[in-house]
Each structure stands twice: as structure tokens, then as C-alpha cells.
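Enquirer: Need coordinates for the following:
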Amino acid sequence: MQDHRFDFTVDGTPEEVWDALWAYTRRDIKTPTVTIEIYNPGDDAGNGLVRHCTFPVPKYLLFGGVAQSWEWITEPQRPLSWRYDAIGKPLWSNATGWTRLEEVDPGRTRVFFRETYEARNPVMRMLLEKRVHDFISKDNDQLIEASLLKTLERRRARRSSAG
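Expert: The predicted structure follows:
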């Protein structure tokens with residue numbers, strides 16, 4: 001089983017950070033390499049949100065370099081934390097992720113991410129799990145932090161121009 005963790009601190013209250021993260025969590029996304037389709041938006045808190053994702057994987061997996069996952073959000077506790085569970089292919093894997101927000105100073109929040117990932121087939125787990133997970137996650141830390149910072153900046157700019 002792979003266990004990936006990272007954290008970073010941003011300027012913003014947990015409520016601001018939550019709203020910025022959920023702005024992306026609850027909408028469809030299409031980039032040249034990643035798509036996310038929301039199948040079910042979940043309840044008002046996001047509990048039960050279901051999404052389908054496609055993303056790059058190594059070509060040696062013989063799936064054209066594209067993987068899929070189906071993810072669902074559980075246990076959202078605004079503005080503190082949420083969890084997701086996922087199944088994915090081509091390795092037929094299970095993943096679980098947690099996001100936690102912690103106020104470290106007034107107006108500053110530490111964002112904690114953790115994901116566990118496991119190929120269900122023991123042979124694939126031994127031969128490919130670590131390499132595939134490393135490939136999938138290689139840029140996630142920087143992308144998530146950069147996306148969050150950009151979203152927080154845009155929201156602040158909109159508020160200051162409206163006010």
C-alpha cells in the first residue's frame with residue numbers, strides 16, 4: 001500500500017480555504033490531460049458527491065496512457081475535513097484520501113492531504129503499484145497548492161473590486 005502525505009500553509013481562514021477547495025471539488029473540469037465529471041453533487045455539505053475522473057498513467061500499462069477513477073466524498077465537516085474513497089483502473093486499485101484544514105494563526109490555515117493507494121491484484125501490487133502511484137501523484141502536491149492559491153487570489157480580487 002502506498003501512503004502519500006503533504007501539507008502546506010496559506011493565507012486564509014479555514015472557511016475561505018474550504019470554499020476555494022470545494023469550488024473545484026463540486027464542478028466538472030476539463031484540461032488537456034484530466035477530466036472530472038460530477039455524477040452526483042451530493043447534499044448541501046457535499047456528502048455523497050460522486051465523480052468520474054480520467055488522468056494520465058504510464059503507457060506501458062497498455063491503456064493508451066489514460067486511467068479512470070470513480071470517487072465519492074464522505075464525512076465532510078465544514079470547514080474542517082472530508083474524505084474520499086475511489087476505485088480505479090487499469091490497476092484495479094482502491095484509494096482513500098483525507099483533507100484536513102487547521103487554523104495555525106488568525107487568517108492562516110494549514111492544509112493537510114493524505115492518500116492511500118493499493119492495487120487489488122497482489123502481483124500488480126508488487127510489480128507496479130509504487131511506480132504507477134508515483135507517476136499519478138508526482139505533480140499533485142504543487143498543482144493542488146497552486147490551484148488553491150490562485151482561487152483564493154481571484155476570490156479576494158472579486159471581493160475588493162465589488163466592495
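Enquirer: tell me which residues in stretch 10-23 are buried?
Expert: Residues 10, 12, 14, 16-22 are the ones in stretch 10-23 that count as buried (16 or more other Cβ atoms under 10 Å). From N, CA and C alone the C-beta is placed, and that goes for glycine too.
Enquirer: Pick out whichever of these sits closest to Gly42.
Expert: Among the buried residues of stretch 10-23, Trp22 lies closest to Gly42 (Cβ to Cβ), at 10.4 Å.
Enquirer: Please determine how far the closest one is located from Leu101.
Expert: Remark: distance between Trp22 and Leu101 (Cβ to Cβ, to the nearest Å) = 11 Å.
Enquirer: any common contacting residues for those two?
Expert: Among the neighbours of Trp22, none is also in contact with Leu101 (Cβ atoms under 8 Å, 6 or more residues apart in numbering).
Enquirer: on that earlier part again, among the buried residues of stretch 10-23, name the ones in strands.
Expert: Val10 (DSSP state E).
Enquirer: how about CSV for the buried residues of stretch 10-23, with distance to Gly97 and pLDDT added?
Expert: Converted to CSV, those look like this (distance: Cβ to Cβ, whole Å; pLDDT from 0 to 100):
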residue, distance to Gly97, pLDDT
Val10, 19, 94
Gly12, 21, 93
Pro14, 18, 96
Glu16, 21, 94
Val17, 16, 94
Trp18, 16, 94
Asp19, 19, 91
Ala20, 18, 90
Leu21, 12, 88
Trp22, 15, 86
